[in-house]
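Undergrad: One predicted model, sequence on top.
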Amino acid sequence: MGRRYTQINADQTAGHLRLSAFICVPLIWLVAAQVQAAEWKLSVQPAPVPQGGIVFVRLEGGRTPDQPTCEWLGHKYSLYPAGGGYRAALPVDRLQKVGLAALVVRAAGYQQPLATRNLSVVALHTGPIEVIRLTPERMALNQDPRVEEESKRLRQIVRTQSPQQLWKGDFSPPTDQPGHNFGKQRRYLEVARKGRKAAPGWMSYHRGTDFSLPPGTPVPAANAGRVLAAEPFVLPGNAVFLDHGQGLITAYMHLSEIKVKPGDTVSPGQIVGLTGNTGRATGPHLHWALYVQGVSVNPTTVLHLPDLFR
Ligand SMILES: [Zn+2]
């Protein structure tokens, strides 16, 4: 064997070296990437996850990869640094089809995913359709020329992404009494009035949890955060939106009074407003909503955060 090598001239040797380098360097790089990827531990909770729920993801251990991302239900999300690893809260839309869905974690410099999990999305059972009867005046709010612009602005507000964690521990509900109705199918109809043809109704699902509270009841912040918006809207009425960081936003709607202003830092339990009956409401109550990465999800999901997301 040794003799055969001596017959190879210098040019051939250089060519072989170049070829070997060409083949081996990517191979070494790929193997190294796989080894590093294998060092990572991916934790995911819960499994299965209900429609309107949140998938909490944590990636930890090994060497830190750059810019990890999650592909989930057709969207790509950033993971945020946390305690030497990374984490993300990923939303499941209320209307997401039930069945298996792939969660794929990638990072810059890795051709292959760092990890892949198949998660089961299961149905959220919310009982029979609820009929909501609105006065003609409140039905007409949908046709208000300001609503289209307002919808764009609201979408922008709830998609706010602040990389730093502002929340501290579990979120608290606005009151001890049970809330109800997240994700419930609703049929909106006009209150019958003699001599008047009712406007056509519509169907939608309830994007929040309602609390029946007397008007003027103080409304506490669910957690520490920063005020993104605090103003009158056509449909939500007087509303406050709080940014808790890393894509978690809570909203408080139909208020009679607002007690904070945009840019304010709020502490857990700080009063952000008083309950009321403003906007498209059927009576005094608090509509409490949670948005994760811009998607409305069940607010009760953050009342007991899993350890991997603390
Ligand atoms: Zn509501």
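TA: Thanks, I have it.
Undergrad: Residue ranges in the stretch 1-150 of the chain under the pLDDT threshold?
TA: For the stretch 1-150 of the chain, the stretches flagged by pLDDT under 70 are 1-38, 62, 64.
Undergrad: Strands of that one, start to end?
TA: 41-45, 49-50, 54-60, 66-72, 75-78, 80-82, 85-91, 99-108, 115-122, 130-134 (DSSP state E, counting those that start in this stretch).
Undergrad: partners of the longest one, with directions?
TA: Right, strand 99-108. Sheet pairing of strand 99-108 (DSSP bridges) gives strand 66-72 (antiparallel), strand 115-122 (antiparallel).
Undergrad: which SS class is Leu154?
TA: helix (DSSP: H, G, I helix; E, B strand; the rest coil).
Undergrad: thinking it is in contact with Pro236, fair?
TA: Yes - in terms of C-beta atoms under 8 Å, Leu154 counts as a neighbour of Pro236; the distance is 7.5 Å. (Glycine included, C-beta is placed from N, CA and C.)
Undergrad: of these two, who's got more company?
TA: Using other C-beta atoms under 10 Å as the criterion, Leu154 and Pro236 rank with Pro236 on top: 25 against 19.
Undergrad: Doesn't that one lie inside a strand?
TA: No - assessed with three-state DSSP, Pro236 is coil; it does not lie in a strand.
Undergrad: how about the residues of the stretch 101-250 of the chain near the ion?
TA: Gly208, Asp210 (C-beta under 5 Å from the ion).
Undergrad: Tell me the residue of the stretch 101-250 of the chain that sits nearest the ion?
TA: With C-beta to the ion as the measure, Asp210 is the residue of the stretch 101-250 of the chain nearest to the ion, at 4.2 Å.
Undergrad: List the pairing partners of whatever helix or strand Met203 lives in within its sheet, with orientation.
TA: Met203 belongs to strand 202-205 when assigned by DSSP states H and E. Sheet pairing for strand 202-205, assigned by DSSP bridges, gives strand 185-190 (antiparallel).
Undergrad: Mind listing residues that contact the strand it pairs with?
TA: With C-beta atoms under 8 Å, 6 or more residues apart in numbering as the test, strand 185-190 has contacts from 126, 129-136, 139, 198-199, 201-206.
Undergrad: got the buried residues for the strand holding Met203?
TA: Tyr205 (16 or more other C-beta atoms under 10 Å).
Undergrad: For that strand, C-alpha coordinates in PDB please.
TA: C-alpha atoms of strand 202-205 as PDB (Å, rounded to 0.1, in the frame of the first residue of the first chain):
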ATOM      1  CA  TRP A 202     -73.600  36.100  12.700                       C
ATOM      2  CA  MET A 203     -71.600  33.300  14.300                       C
ATOM      3  CA  SER A 204     -68.300  33.600  16.000                       C
ATOM      4  CA  TYR A 205     -66.400  32.100  18.900                       C
END
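Undergrad: what about the closest residue to Lys76 other than its chain neighbours, neighbour count?
TA: Of all residues beyond its chain neighbours, the one nearest Lys76 is Thr69 (5.4 Å), with distances taken as C-beta to C-beta, 6 or more residues apart in numbering. Each residue near Thr69 was counted by other C-beta under 10 Å, and the total is 17.
Undergrad: what's the average pLDDT for the one helix or strand the residue of the stretch 101-250 of the chain closest to the ion maps to?
TA: Secondary structure from DSSP H and E places Asp210 in strand 209-211. Strand 209-211 carries an average pLDDT of 95.
Undergrad: Residue numbering should commence at 4 henceforth.
TA: In the new numbering, first residue 4, that becomes strand 212-214.
Undergrad: Where does the record place the domain boundaries for this structure?
TA: 44-125, 155-180+211-312 (automatic domain parsing).
Undergrad: Right, and the ion sits closest to which residue of the stretch 154-303 of the chain?
TA: For the stretch 154-303 of the chain, C-beta to the ion, closest residue to the ion: His290, 3.4 Å.
Undergrad: That residue contacts Thr253, correct?
TA: No - using C-beta under 8 Å as the test, His290 is too far from Thr253 to be in contact (11.2 Å).
Undergrad: wait, what's in contact with the closest residue to Gly250 other than its chain neighbours?
TA: Among residues not flanking Gly250 along the chain, Gln296 sits closest, at 4.4 Å (C-beta to C-beta, 6+ apart). Gln296 sits next to His78, Tyr80, Ala92, Leu93, Pro94, Arg162, Gln164, Gly250 when contact means C-beta under 8 Å, 6+ apart.
Undergrad: Thank you kindly, that will do.
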